[in-house]
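> Show me the folded form of this:
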Amino acid sequence: MKRIFKSIFFVALVVFALSVLLIMGFLYGYFSDVQKTQLQMQTELAAHGVNLDGESYFDGLEADDYRVTWISQDGTVLYDNYSDENSMENHLKREEVREALEHGFGESERKSVTLEERALYAAQKLEDGTIIRLSIAQSSILTLILGMLQPMCTVFAIA
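The predicted model follows:
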């Protein structure tokens, strides 16, 4: 009887763990898509604001969750709300900036050297030829799983 219980318990544990991993994988993909869509909408709104107000758009701007970068046509950073724009390298070779210059809008995702985490980037070309770029940090799937560890253990204990 003990052996049957241990076997059933082990199988249930494996099925539970695989289900959690599968669900987290699908949720991570879904929320990544949602985050990209929101970033694109925020970039369009920021572009509209800079087109209307120019540099004064950035006065008093509070965008703690977003990194906002304004880039000239030659790749020089004109404004950045996270770093000193005078010490930043030329951004002309960044994928999202190149796409924005060529097609009006560009996006990419990569590990940010400045932020030291994975980031999503969206850039839009403005009427004057400059680029407004927004980025947002994206949590890794491991971070999400670790954040869900306590609730998952509680559910498992109840089950």
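> Which of the helices or strands spans Val11?
helix 2-53 (DSSP states H and E).
> For this protein, which residues score under the pLDDT cut-off?
The model of the chain has pLDDT under 70 over residues 112-116, 140-145, 156, 159.
> quick one: furthest residue from the center of the protein?
Taking Cα atoms, centre = their mean, the residue of the chain most remote from its mean C-alpha position is Met1, at 50.8 Å.
> Gly104 against Ala123, yeah?
No - between Gly104 and Ala123 there is no contact under Cβ atoms under 8 Å: 9.6 Å. Using the backbone N, CA and C atoms, a C-beta is placed for each residue, glycine as well.
> Counting neighbours, go ahead and name the busier of those two.
Taking neighbours as other Cβ atoms under 10 Å, Gly104 and Ala123 compare with Ala123 leading, 27 against 12.
> roughly how far apart are that one and Asp64?
From Ala123 across to Asp64, the span is 20 Å (Cβ to Cβ, to the nearest Å).
> Could you measure from the residue farthest from the centre of the chain over to Val11?
Separation of Met1 from Val11 (Cβ to Cβ): 16 Å.
> again with Glu55
Using Cβ to Cβ, we find Glu55 at a distance of 63 Å from Val11.
> ditto for Tyr82
49 Å.
> between those two, who's got more neighbours?
Neighbours were counted for Tyr82 and for Val11 using other Cβ under 10 Å; Tyr82 has more, 16 against 10.
> ok, the helix or strand where Ser135 lies: who's next to it in the sheet?
In the assignment (DSSP H and E), Ser135 maps to strand 131-137. Strand pairing for strand 131-137, determined by DSSP bridges: strand 66-71 (antiparallel), strand 117-125 (antiparallel).
> Identify all contacting residues around the last one.
With Cβ atoms under 8 Å, 6 or more residues apart in numbering as the contact definition, strand 117-125 has outside contacts at 32, 35-36, 39-40, 42-44, 46-47, 67, 71, 94-97, 99-101, 104-112, 131-138, 140.
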